[in-house]
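Peer 1: sequence and predicted structure are below.
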Amino acid sequence: RKEVEQDPGPFNVPEGATVAFNCTYSNSASQSFFWYRQDCRKEPKLLMSVYSSGNEDGRFTAQLNRASQYISLLIRDSKLSDSATYLCVVNRANDYKLSFGAGTTVTVRA
Amino acid sequence: DAMVIQNPRYQVTQFGKPVTLSCSQTLNHNVMYWYQQKSSQAPKLLFHYYDKDFNNEADTPDNFQSRRPNTSFCFLDIRSPGLGDAAMYLCATSNVAGPYNEQFFGPGTRLTVL
């Protein structure tokens, strides 16, 4: 089983729509959780850290469910510029190294 | 601005011809990582340096080596590139002392093997 699993998508949504997707992680001892954004042929960039109580940054909301071992990302009022691949990232248990999901692709259309 | 820099951005080499990729950082982070990423796949950790200590991943081929001469610089050497080594190579840094250990990535070097 992969350490981090994501639905690859693509999620095709119109501008202004809300889109949400999850990722699951295998190690219950993981402590740090992140969402990174990666544009085509570019490097991953940190979008947001995910806190245990859930957190919001503008149009983006992240939630953590430790009992079911999944993390979610919700994007409200989608913009064309939100089109990207979103990587779910989890630290390896008792380790500072990170495990990356293969990403969920979101395409926002006009 | 503090950042992670990689050179070159694009590298073309011939099958079997050694190549060196470089990474530098102005973040003063103590950990530097090298990842390999192929199309539609997750970044795969090759190895990392925690300060001067080198840490290899168990499945990283011997063909890949690394050097960290000082805090700011780290190099990836591919001794005999094969066609399967064509990929994006990403350097990242982190400050392990930070509460969430975020990693910050350089722009990557896209390697083509002919």
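Peer 2: That came in fine, so what should we check first? Numbering: from 1, shown residues only, chains lettered A, B, ... in the order given.

Peer 1: please count neighbours and contacts with C-alpha atoms only from this point.
Peer 2: Fine.

Peer 1: what strands line up against the helix or strand where B:Gln65 lies, and which way round?
Peer 2: Using DSSP states H and E, B:Gln65 sits within strand B:64-67. Counting by DSSP bridges, the strands paired with strand B:64-67 are strand B:73-78 (antiparallel).

Peer 1: circling back to that earlier point, got the contact list for the strand holding B:Gln65?
Peer 2: Contact with strand B:64-67 is made by B:Phe47, B:Cys74, B:Phe75, B:Leu76, B:Asp77, B:Ile78, B:Arg79, as judged by Cα atoms under 8 Å, 6 or more residues apart in numbering or on different chains.

Peer 1: who are the contact partners of A:Gln69?
Peer 2: By Cα under 8 Å, 6+ apart, the residues touching A:Gln69 are A:Thr24, A:Tyr25, A:Ser26, A:Ser28.

Peer 1: from those residues, which is closest to A:Ser81?
Peer 2: A:Thr24 (25.7 Å; Cα to Cα).

Peer 1: shouldn't the closest one be within a helix?
Peer 2: No: read with DSSP: H, G, I helix; E, B strand; the rest coil, A:Thr24 is strand and lies in no helix.

Peer 1: just the buried residues of the contacts of A:Gln69.
Peer 2: When the contacts of A:Gln69 are checked for burial by 16 or more other Cα atoms under 10 Å in any protein chain shown, the buried set is A:Thr24, A:Tyr25, A:Ser26.

Peer 1: which among these gets closest to A:Leu98?
Peer 2: Nearest member of the buried ones among the contacts of A:Gln69 to A:Leu98, counting by Cα to Cα, is A:Tyr25, at 11.7 Å.

Peer 1: which residues of chain B lie near chain A?
Peer 2: B:40-44, B:90, B:96, B:100-108 (Cα under 8 Å from any Cα of the partner chain).

Peer 1: now rank those by neighbours and give me the top one.
Peer 2: B:Gly108 (30 neighbours; other Cα atoms under 10 Å in any protein chain shown).

Peer 1: make CSV from the buried ones among the contacts of A:Gln69 and add pLDDT and distance to chain B to it.
Peer 2: Below are those laid out as CSV (pLDDT from 0 to 100; distance: Cα to the nearest Cα, whole Å):
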residue, pLDDT, distance to chain B
A:Thr24, 96, 14
A:Tyr25, 95, 14
A:Ser26, 93, 16
